[in-house]
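Asks: Fold the following and give me the result.
(one chain, ligands or ions: 2)
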Amino acid sequence: MTYQVDIPKRYQEVNTECLSELKGFDLIHDFLFHARYWKCTKYKFDNSEGWTDQAFRVLFLGGSLGTGKTHTLCAIAKAYSVRASCIFTTAFDMMDYILKEKDSQKYKDTSLLIIDEMGRAFESEAARNRFFDLINHRYENQKPVVFGGNITQQQLANILGKALTDRIKTDYRKVFLTGESKRG
Ligand SMILES: Nc1ncnc2c1ncn2[C@@H]1O[C@H](COP(=O)(O)OP(=O)(O)OP(=O)(O)O)[C@@H](O)[C@H]1O
Ligand SMILES: [Mg+2]
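Replies: Ligands and ions are numbered 1, 2, ... in the order given. Model prediction:
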């Protein structure tokens, strides 16, 4: 791995091959890894090779308990961090850090920000303001974000609020993992 990314112990051995077995693989792949290919189809560029993270794209990975969301997010983090910087975090850990340290720079700077366990941690007004500032900064600086969690799109929209929901709608994709819990 070229870039250091902190992945929780349980998921450290995650194999990035699992991404190709996903139903939403094409979408995730084009969205995150073949940005230029995606731009190609949209803006008719000639060069379909290459890779860039310079776009504000938002991917939402949803699904019920135990369907493999965190596993998949960690695989994305591993795959992405070969090419560019990436942070994998939970919403709670991230907001806890930002509110305690009064500093969200590292979450603004990283090429890809992956936030798991969306749903908690946005209760206070201070948290909502900080979160708006962070995501708005990434929007303005064209840096992608991945949200994961056992929440509905409506719940995600409620957390983001109207202004952020409006900002993400152009380059927004969603993948829902289905089936039984993979926990034995
Ligand atoms: N594609 C996979 N291959 C092998 N093991 C997997 C795969 N997907 C998930 N698992 C394993 O199944 C278990 C549950 O997966 P995971 O924790 O990612 O689910 P989750 O959707 O994040 O659950 P929750 O909603 O409770 O957060 C984990 O032990 C994980 O390592
Ligand atoms: Mg999980």
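Asks: so residue 79 touches residue 17, yeah?
Replies: No - between residue 79 and residue 17 there is no contact under C-beta atoms under 8 Å: 9.7 Å. In short, each C-beta sits where N, CA and C put it, glycine included.
Asks: Which helix or strand contains the residue most central in space within the chain?
Replies: When C-alpha atoms, centre = their mean is applied to the chain, the residue found nearest the centroid is residue 146 (1.1 Å). Per DSSP states H and E: residue 146 is located in strand 145-148.
Asks: Let me know the average pLDDT across that strand.
Replies: For strand 145-148, mean pLDDT is 95.
Asks: Residues in contact with the next helix or strand after it: which ones?
Replies: For strand 145-148, the following helix or strand on the C-terminal side (DSSP H and E) is helix 153-168. With C-beta atoms under 8 Å, 6 or more residues apart in numbering as the test, helix 153-168 has contacts from 56, 58, 60, 62, 118-119, 122, 128, 131-132, 135-136, 139, 147, 149, 151, 174.
Asks: Can you give me the distance of residue 87 to ligand 1?
Replies: Remark: distance between residue 87 and ligand 1 (C-beta to the nearest ligand atom, to the nearest Å) = 17 Å.
Asks: do the same with residue 6
Replies: Applying C-beta to the nearest ligand atom, the value for residue 6 to ligand 1 is 16 Å.
Asks: Next, that residue: secondary structure please.
Replies: When classified by DSSP: H, G, I helix; E, B strand; the rest coil, residue 6 comes out as coil.
Asks: For it, grab the count of nearby residues.
Replies: Residue 6 sits with 11 neighbouring residues when counted by other C-beta atoms under 10 Å.
Asks: The closest residue to it other than its chain neighbours: which element?
Replies: Once flanking residues are discounted, residue 6 sits nearest to residue 88: 6.7 Å by C-beta to C-beta, 6 or more residues apart in numbering. Assigned by DSSP H and E, residue 88 belongs to strand 86-90.
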